[in-house]
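Attaching a predicted model along with its sequence, questions to come.
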Amino acid sequence: MSELARRLVHASGAGLPALYLLSVIDWAGLQLLLVAFAAGAVVLEILRLSVGLDWTIYDRLTREYEQDNPAGYALYAISMAFAGLVFPPPVAVAGMLMLALADPVSGVLGSAGVREWKSPPVVFATFGLCFCLAVPFTVGVRGPAVGALAAAVGAAGAAVADGYKPRIAGVVIDDNASIPVLACGSIALVFALA
């Protein structure tokens with residue numbers, strides 16, 4: 001139950017960029033919404049980690065290594081807001097969708113522990129899905145060839161971030177934080193160099 005619930009909550013985050021894509025809100029409205037969600041998550045995490053806020057939902061939606069570290073949902077909200085504030089809409093939306101949709105699919109396909117790689121078929125499947133999610137947003141930015149290259153490089157960044165969780169200075173670098181950063185940063189770099 002908790003794994004399924006975690007993946008469904010994860011995928012529901014695609015609703016945020018969908019609001020923009022469906023013209024329900026404009027880009028500035030999406031940015032405000034992302035910041036509000038991130039701020040709310042930060043407040044909840046401060047309460048959980050310092051005061052000991054102990055809601056049942058935390059037991060269901062957090063992993064063991066998140067008990068004394070920032071939980072994945074907060075890193076998710078912060079990284080979505082980071083993408084929305086730092087990168088232009090096509091790049092940010094691609095990165096947000098990679099996090100919201102490709103990450104839970106990858107988790108269903110296979111998992112790995114901290115400092116372990118997921119199996120090559122899972123990493124390649126994640127790359128393929130991320131590429132398919134990014135291409136619609138990148139091909140029109142600098143033309144089809146550069147757009148496809150940017151989507152591929154961004155998908156590779158997301159697949160690496162999803163495929164391996166490093167521990168740096170005792171802190172696990174969760175893919176909820178690293179997928180949008182690596183994906184959007186890679187796409188933006190290709191566009192900057194094109």
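That came through, no problem. Numbering: from 1, shown residues only.

quick one, what contacts F124?
A159 (CB atoms under 8 Å, 6 or more residues apart in numbering). Any C-beta I mention is one placed from the backbone N, CA and C, and that applies to glycine too.

State the helix or strand in which it lies.
Element membership for F124 (DSSP states H and E) is helix 120-142.

Check which residues of that helix are buried.
122-123, 125-127, 129-131, 133-135, 137-139, 141 (16 or more other CB atoms under 10 Å).

Confidence-wise, which of those residues comes last?
Lowest pLDDT of these: V141, 87.

My guess is that residue contacts V190. True?
No: using CB atoms under 8 Å, V141 is not in contact with V190; the gap is 9.6 Å.

that older thread, following the chain onward from the helix holding F124, which element is next?
Once helix 120-142 ends, the next helix or strand along the chain (criterion: DSSP H and E) is helix 144-163.

From A18, how far out is the residue lying closest to V135 once chain neighbours are set aside?
If the residues on either side of it in the chain are set aside, V135 comes closest to A151, at 4.5 Å by CB to CB, 6 or more residues apart in numbering. Plainly put, A151 is 19 Å away from A18 if you go by CB to CB, to the nearest Å.

more crowded one of those two?
More crowded of A151 and A18, by other CB atoms under 10 Å: A151, with 26 against 15.

quick one, what contacts the more buried one?
A94, F131, A134, V135, F137, T138, V139, I187.

Kindly report the same for L8.
P104.

confidence score at it?
Model confidence at L8 (pLDDT) stands at 84.

So what touches stretch 112-119?
By CB under 8 Å, 6+ apart, stretch 112-119 touches 65, 106, 110-111, 123, 126, 162-167, 172.

Closest to R48 out of those residues?
The closest of the contacts of stretch 112-119 to R48 turns out to be Y65 (CB to CB; 14.5 Å).

okay, now L75: neighbour count?
With other CB under 10 Å as criterion, L75 counts 24.

SS state for it?
Classification of L75 by DSSP: H, G, I helix; E, B strand; the rest coil places it in helix.

ok, now which ones touch F87?
G95, C184, I187, A188.

now the residues you listed: which count as buried?
Counted by 16+ other CB under 10 Å, those give G95, C184, I187, A188 as buried.

Dump those residues to CSV, plus secondary structure, pLDDT and distance to L85.
Compiled in CSV, the buried ones among the contacts of F87 are given as follows (DSSP: H, G, I helix; E, B strand; the rest coil; pLDDT from 0 to 100; distance: CB to CB, whole Å):
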residue, secondary structure, pLDDT, distance to L85
G95, helix, 98, 12
C184, helix, 98, 11
I187, helix, 98, 16
A188, helix, 97, 13
